[in-house]
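Engineer: Sequence first, predicted coordinates after that:
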Protein chains: 2
Amino acid sequence: MTPSSHGRGALRRRLSAGCGGALLAGVLIAGQAPAPPSVAARYAEAAESLRTAGLRSETAYSLLARLTAGGPRLTGSTGAGAAVELTRAMMAELGFETWLEPIMVQHWVRGAETAAVVKPGGAGLSSLRITALGNSVPTPEAGIAAPIVEIRSFDELRARGPAVKGKIVFFNVPMDPRPMDTFQGYGAAVPYRSQGASEAARAGAAAVLVRSVTLRTDDFPHAGMVAYDPDLPRIPAAAVSTRGADALSALLAKGGPVEVKLVLGCRELGPTPSANVVGQIRGSEKPDEIVVLGGHLDSWDLGTGAHDDGAGCIQAIEALRLIKELDPKPRRTVRAVMYMNEEFGASGGRDYAAAPRRAGERHIAALESDRGAFLPVGFGLGGTPQQFARLRTWAEPLLAPSGILWVRPGGAGADTGPLAAAGAVLMAFIPDSQKYFDVHHSGLDVLASVHPRELELGAITMAIMAYVAAQEGI
Amino acid sequence: MTPSSHGRGALRRRLSAGCGGALLAGVLIAGQAPAPPSVAARYAEAAESLRTAGLRSETAYSLLARLTAGGPRLTGSTGAGAAVELTRAMMAELGFETWLEPIMVQHWVRGAETAAVVKPGGAGLSSLRITALGNSVPTPEAGIAAPIVEIRSFDELRARGPAVKGKIVFFNVPMDPRPMDTFQGYGAAVPYRSQGASEAARAGAAAVLVRSVTLRTDDFPHAGMVAYDPDLPRIPAAAVSTRGADALSALLAKGGPVEVKLVLGCRELGPTPSANVVGQIRGSEKPDEIVVLGGHLDSWDLGTGAHDDGAGCIQAIEALRLIKELDPKPRRTVRAVMYMNEEFGASGGRDYAAAPRRAGERHIAALESDRGAFLPVGFGLGGTPQQFARLRTWAEPLLAPSGILWVRPGGAGADTGPLAAAGAVLMAFIPDSQKYFDVHHSGLDVLASVHPRELELGAITMAIMAYVAAQEGI
């Protein structure tokens, strides 16, 4: 470790010296004053140092192991509360200034949940792998037993009209596997999960079963929110695994009635206190100008939210750790925020932006990580066209050695969005999306599905962006 | 499936019409003859069709499941022989013209292999997870019990000189985790595995134990070849898991002698007949001009060679399948070759290039996939600077929608190298390397470590390159 520690020490001294950048990158041409080195040239060594320091260890993975060992972190739950304390403690151990910002969150709890094919009997498909959608109302305790109607689109639902009255609507709309960006296929399928219950209720359905939104064929149901139209009856809503959906569809294709008994014991317990968790390295020159990094601390409850979004929280913490190791006194404040309650409506991000404490602060950039901990391949940057153009001149060359192959306009995130109105430039690192929906909102979203180097590379790219922004402004 | 089949049919008709390209991409400007569309423009729709057809199914994964179900394919083994028959049968089922090209290969077999710490007793480390290196000579049946000397570099070995005489040299040189391209760290560590035995024998050592070449800390030993210097005694050589290496190192750090008993029952059975496996779609206009795709069919024997290199073989087969579905009559021949015996010296590639059958053939391009089935991110292309520049004009825009973010000079492969001398332009698709050495040559290289979409994307990018090369030449 000696050579590299030495290298970082030397780099730190040069960075502290302020004008040292010219030594790093300036080229002297005889009889001519050197051109001032570009931002990219001045920070090339710092970016390299952040990258090699990150890759040398599996620190982010160790921190994520601690977080996920606490179990799921469904908003409002005991697990989420413990994660608030744990992540604050982690950041305090690393020497960050930390505090909690109390907020109120929804507290929905899962109960018994089963779906059994009761007709035809002996169909070889007695039990379906299901999970209640978040926010769903329960069934009566005895369940709802009703015929199933398979529906492949909202158009088909409208066309079937009264045929679904009193029945369980089975939305069987697979994710389209063709787009490279799997978020495209996700976006097209997810309305059946979020709005299907109210659309079916409009036609008089008794409940809905929705095909899980994943490209894999397996036995894992994938959760997610159902959003009820306030003007329509609330009917119970559950996701069924893709293999279960295929089996149910095959059974229906044989003709003859298929009846399912659905039992959901979930319920809403009302508002409960929780908190956003904040840790920071205070800026040495402009402490009130802030670069904020973050992810959401709450998760779904079938796995342990390793990718979604334990990874984003831990990457923010690890990015601060890497920055602190490189330069304990950045010019502007670098802050990590673990937003609460993203999965039930992203209130944590709104509450953070609206908190009274924000009055004396100016967030110059807000970087969100909430697309899983897979291989980082791109970066989305917001701001005005001028800001984007300027950021890109240094972001592209400084991020490329860490595997970032493109920088494009973008950067919006569910939790950072509210900060844009106050002038923050939004940023988001974009990992490869091929595998994200395999695990998303399911029992597969556990530590074993995260790779230490991929997780760390996300933290490294976040650290590079945040550090240069903290030193140079936007 | 109807709309897409229709789309492919329409595309096929336009491609067959020859001049149809202008319809796809030409833009008419009033009073001006349209510029002839570029290669990239003329094949944009074909590339899109290959990509969506591939992503719609998990065909490559199904084929790889069949191949790996047959177990390991160590060169010369029964498993390798069965794989010859199986891959030929797969290609015949897909309607390709197939044949075998007999070759002779080495046949080395693993036997009992154990390593036990016999001194100090009660050290809490009785047994090490080891595996014989390929080509290793055995120990005497009773094993070799000798003190261990930990060595961190060849320089240190030379400095220790006579101190290692009669002992077991333990090369404990970890892979450097800092380079993004993990092949760099691999390249630096692997000489201890391939040449360590002879270097240690030069100093009079009795055997070598080599730290497994992986970035993970786990219990899986990773195999690989040992190459003996013909002028030095051959001593037994085995790899030890990284966790075993760390434990052994910690034990040695306590001071006092550490003695290990190593038993290796491996042996060489002499030359045995085997074959390269060939399948092709014959060119309709220039059948003797050939674009060859391939990987190596033999594997190490601790896993089932899913990534290394079952994936490369299956991607070549799947690329041909996708091409045939798009256009059953490409202008030039498109050929898939499963090279045998890469792991024991790459003789299959040399034998293929030197076979009498090659006399009437002209290989214009040779594309190898032998870097695992992870996410494709780049493409290496060889040839003259002029050929590279021309290829790049269409390769970059046609591959980008399938996730290929860069095209650079390169493309050399262990099995395709010999074809370059005969004028073939070498090509290689480059998947992300972050996870490759986790599984490489170990018991972790099994189907479960391969992702269907990542595997398929490799086949898709290979199909795009091969199809355009077959239509347009190089």
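Structural biologist: Perfect, thanks for sending it. Numbering: from 1, shown residues only, chains lettered A, B, ... in the order given.
Engineer: from what I can see residue A:157 touches residue A:203, true?
Structural biologist: Yes. Between residue A:157 and residue A:203 there is a contact under C-beta atoms under 8 Å: 6.4 Å. From N, CA and C alone the C-beta is placed, and that goes for glycine too.
Engineer: higher neighbour count, those two?
Structural biologist: residue A:157 (22 against 18; other C-beta atoms under 10 Å in any protein chain shown).
Engineer: how close does that one sit to residue A:192?
Structural biologist: 9 Å (C-beta to C-beta, to the nearest Å).
Engineer: Tell me the secondary structure at whichever residue of the stretch 1-150 of chain A sits closest to chain B.
Structural biologist: Residue nearest to chain B within the stretch 1-150 of chain A (C-beta to the nearest C-beta): residue A:52, separated by 4.4 Å. Under DSSP: H, G, I helix; E, B strand; the rest coil, residue A:52 falls in the helix class.
Engineer: I'd say it and residue B:185 touch.
Structural biologist: No. Taking contacts as C-beta under 8 Å, residue A:52 lies outside contact range of residue B:185: 11.9 Å.
Engineer: Mutual contacts of those two, please.
Structural biologist: residue B:178 (C-beta atoms under 8 Å, 6 or more residues apart in numbering or on different chains).
Engineer: which one of those two has more residues nearby?
Structural biologist: Set residue A:52 next to residue B:185 and count neighbours by other C-beta under 10 Å: residue B:185 wins out with 22 against 19.
Engineer: who in chain A is up against chain B?
Structural biologist: Within chain A, the positions adjacent to chain B are A:51-52, A:55-56, A:177-178, A:180, A:215, A:375, A:377, A:401-403, A:405-406, A:432, A:434-435, A:451, A:453-454, A:457 by C-beta under 8 Å from any C-beta of the partner chain.
Engineer: Any quick ChimeraX command for the buried ones out of those residues?
Structural biologist: Those of the residues of chain A next to chain B that count as buried under 16 or more other C-beta atoms under 10 Å in any protein chain shown are selected in ChimeraX with:
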select /A:51,52,55,177,180,215,375,377,401,402,403,405,432,434,435,451,453,454,457
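Engineer: Could you pull up the contacting residues of the residue nearest to residue A:107 when sequence neighbours are not counted?
Structural biologist: Nearest residue to residue A:107, sequence neighbours excluded (C-beta to C-beta, 6 or more residues apart in numbering or on different chains): residue A:76, at 3.0 Å. Residue A:76 makes contact with A:105, A:106, A:107, A:108, A:269, A:272, A:274, A:341 under the criterion C-beta under 8 Å, 6+ apart.
Engineer: What sits closest to the second one if chain neighbours are left out?
Structural biologist: When you say that, I think you mean residue A:106. residue A:344 (4.6 Å).
Engineer: The one you found belongs to a strand?
Structural biologist: No. Assessed with three-state DSSP, residue A:344 is coil; it does not lie in a strand.
Engineer: What is the burial count for it?
Structural biologist: Using other C-beta under 10 Å, the number of residues around residue A:344 comes to 19.
Engineer: And for residue A:53?
Structural biologist: For residue A:53, using other C-beta under 10 Å, the count is 22.
Engineer: and the gap between it and residue B:96?
Structural biologist: From residue A:53 to residue B:96 the distance is 51 Å (C-beta to C-beta).
Engineer: How about residue A:275?
Structural biologist: According to C-beta to C-beta, residue A:275 and residue B:96 sit 62 Å apart.
Engineer: just residue A:370 next, same as before
Structural biologist: For residue A:370, the distance to residue B:96 equals 45 Å [C-beta to C-beta].
Engineer: re earlier: filter the residues of chain A next to chain B down to the ones in helices?
Structural biologist: If you go by DSSP state H, these have A:51, A:52, A:55, A:56, A:453, A:454, A:457 in helices.
Engineer: Could you dump those into a markdown table with distance to residue A:142 added?
Structural biologist: Output for these, formatted as a markdown table (distance: C-beta to C-beta, whole Å):
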| residue | distance to residue A:142 |
| --- | --- |
| A:51 | 59 |
| A:52 | 62 |
| A:55 | 57 |
| A:56 | 59 |
| A:453 | 51 |
| A:454 | 47 |
| A:457 | 51 |
